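*Asks:* Okay, sequence plus prediction incoming.
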Amino acid sequence: MEADHKKSSSIAARVFSFYYDGFRTMSEWGKKVWIIILIKLFIIFAILKIFFFPDLLKKNFDSDAQRSEYVLEQLTNNPDTDD
C-alpha cells in the first residue's frame, strides 16, 4: 500500500522529501559548509548587485518607452557600422 502512495505523490513532493531528509541527516560539518555557501551566494547576488550594478536605464531615461526604444536600438544595431 505504501508503494502505491509513493507513486501517487507528486514529483515535487518526492524531490522536496529527498532533499529534506538529506539535509536533516547531514553532519554538523556539512551543515556549516552549506551555511557558508548560502551566505556567499547572498553576498554575490544581493550585496554586489546593489553596489556594482546600478540601474543605468532607470538613471539615464525617464520613461519605459525611452528605455525600450534604447534597448531595441542596441539589440538591432549592427556593430560594424558603429563609429
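*Replies:* Yes, it's here.

*Asks:* Could you pull up phi and psi at the residue nearest to the spatial centre of the chain?
*Replies:* Centroid-nearest residue in the chain, with Cα atoms, centre = their mean: Phe45, separated by 8.0 Å. Per-residue torsions, Phe45: phi -90, psi -30 (degrees, to the nearest 10).

*Asks:* Got the confidence number for it?
*Replies:* We note a pLDDT of 88 for Phe45 in this prediction.

*Asks:* Buried by neighbour count: which residues of stretch 24-37 qualify?
*Replies:* By 16 or more other Cβ atoms under 10 Å, stretch 24-37 has no buried positions at all. Backbone N, C-alpha and C define where each C-beta goes, glycine included.

*Asks:* Output it as CSV, nothing but the C-alphas.
*Replies:* Extracted C-alpha coordinates of stretch 24-37, given in CSV (Å, rounded to 0.1, in the frame of the first residue of the first chain):
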residue,chain,number,x,y,z
ARG,A,24,18.1,16.7,8.2
THR,A,25,20.6,13.8,8.4
MET,A,26,23.6,15.8,7.3
SER,A,27,26.6,16.1,9.7
GLU,A,28,27.4,19.3,11.5
TRP,A,29,30.3,19.9,9.2
GLY,A,30,28.1,19.6,6.2
LYS,A,31,25.5,22.0,7.6
LYS,A,32,28.2,24.6,8.4
VAL,A,33,29.5,24.3,4.8
TRP,A,34,26.0,24.9,3.4
ILE,A,35,25.5,27.9,5.6
ILE,A,36,28.8,29.4,4.3
ILE,A,37,27.7,28.6,0.7
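
*Asks:* next one: that stretch to chain centre, how far?
*Replies:* 21 Å (Cα atoms, centre = their mean, to the nearest Å).

*Asks:* Then stretch 21-40?
*Replies:* Worked out by Cα atoms, centre = their mean, stretch 21-40 lies 20 Å from the chain centre.

*Asks:* for stretch 25-43, same thing?
*Replies:* 18 Å.

*Asks:* And for stretch 19-31?
*Replies:* 23 Å.

*Asks:* Can you report how many residues neighbour Tyr61?
*Replies:* Just to correct that, residue 61 is Phe rather than Tyr. 15 (other Cβ atoms under 10 Å).
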